[in-house]
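Trainee: prediction below, plus the sequence it came from.
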Amino acid sequence: MNNDFAKESRLRRWLRSKIKAKEKMNAFSWVVFAFLTLLTLTFIIVYFWGIMTSFKSILEFDTVGNIVGLPDQWSLENFIFVFSNFRIKLSGKTFYLENMILNSVLYAVGCAFIQTAVQCVVAYLAAKFRFKFSGLIYWVVVITMTIPVVGTDISTIQILQNIGLYDSMIGMFVLKFNFLGAYFLVFYATFRSLPDDYAGAAYVDGAGEFGILIHVILPMVANMFFTIFLLNMITYWNDYRTPLLYMPNNPTLSYGIQWLSTSSLQEFSHTTVRLAACIIMVIPIIVVFIVFKNRIMDKVSLGGIKE
């Protein structure tokens, strides 16, 4: 009888501890939810204010002082002014907005595709072919992600200058021809989880290694490949630092916006004009996200990418 009572008391204490732990976890979850909600609202408010201000006239914003409120009259004059007058002069050459947009498309799409393809192929080789350096490749990626590598820009620029690829789009493609980065680990984990039966069946049918990669493996990870390509493209579209250092005379749109933010030209010193230029830069990314949002959000889970 006493043993049954003792067992029941222990069970009750165990249940109470579990309930308290659950209540604490719920409280912590609510705190995290509140913090993330506040952070999200902060970004939304800033973006909404930027969009509203870009549609205000210079007179309304600077003279009337309508800084926070809605525009009295929605106007496209800032966007028209940017499209008509935004230009950069570098080394005797003039780059217009359309030139910067073209450079951005080439840089973002080209670099994203090259890096995604190289990461995918190298991850497949390291995961499915157990050769001497397959494990080393994996740990090289992990180490380069955990240990910051700084001070390499000068030496990289010197190398590109020596081989004649500095300040060119081809040089940027060469720089992105590497397998380092977190997406290598995503591809690696995916290939490790794939059964070897598919490749074995292709071997029986007479397919070679390259044929198996192209016709069997890549179609199986096509959705993941495209998702990672989109994420890389968005990253490179917003990147101004790399073109600023390695393509100083071939400005992208993000490079142009950075130049505009520090420019002393009077016609581009107005906040409404600068924000209109920023909105023009953001529009392609918004369109890409709206078109492919289901694919991107479906593949991104808990900070990772799932297949």
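Mentor: The structure has been received and is ready for your questions.

Trainee: CA atoms for contacts and neighbours, from now on please.
Mentor: OK.

Trainee: show me the shaky parts of the protein.
Mentor: By pLDDT under 70, the low-scoring segments of the chain are 1-26, 149-150, 296-307.

Trainee: quick one, strands of it?
Mentor: For the chain, applying DSSP state E gives strands covering 87-90, 93-96, 300-301, 304-305.

Trainee: could you list every residue that touches A127?
Mentor: S134, Y188, A189, F191, R192 (CA atoms under 8 Å, 6 or more residues apart in numbering).

Trainee: try 6 Å this time
Mentor: A127 is in contact with Y188, R192, counting by CA atoms under 6 Å, 6 or more residues apart in numbering.

Trainee: and it, how far is that from V174?
Mentor: Distance, A127 to V174, using CA to CA, to the nearest Å: 24 Å.

Trainee: what's the answer for G69, then?
Mentor: To V174, G69 is 48 Å away according to CA to CA.

Trainee: repeat that for L36.
Mentor: Taken as CA to CA, the span from L36 to V174 is 39 Å.

Trainee: and the helices in the stretch 201-307 of the chain?
Mentor: Counting by DSSP state H, counting those that start in this stretch, the stretch 201-307 of the chain has helices at residues 209-212, 218-220, 222-237, 241-246, 253-262, 271-299.

Trainee: from memory Y255 sits against Y240, does it?
Mentor: Yes. Counting by CA atoms under 6 Å, Y255 touches Y240, with 4.6 Å between them.

Trainee: of these two, which one has the most company?
Mentor: Higher neighbour count among Y255 and Y240: Y255, with 22 against 19, using other CA atoms under 10 Å.

Trainee: can you give the contact residues for stretch 159-166?
Mentor: G171.

Trainee: let's see it at 7 Å
Mentor: Under the contact criterion CA atoms under 7 Å, 6 or more residues apart in numbering, stretch 159-166 has outside partners I157, G171, Y246.

Trainee: do the same with stretch 91-101
Mentor: Looking at what lies outside stretch 91-101 - CA under 7 Å, 6+ apart - the contacts are F83, F86, R87, I88, K89, N249, P251, T252, L253.

Trainee: ok, now with 6 Å
Mentor: By CA under 6 Å, 6+ apart, stretch 91-101 touches R87, I88, P251, T252, L253.

Trainee: can you put the helices of the stretch 201-307 of the chain in CSV and add distance to Y96?
Mentor: Conversion of the helices of the stretch 201-307 of the chain to CSV gives the following (distance: least, CA to CA, whole Å):
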stretch, distance to Y96
helix 209-212, 43
helix 218-220, 39
helix 222-237, 17
helix 241-246, 16
helix 253-262, 10
helix 271-299, 13
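
Trainee: with that, I have no additional questions.
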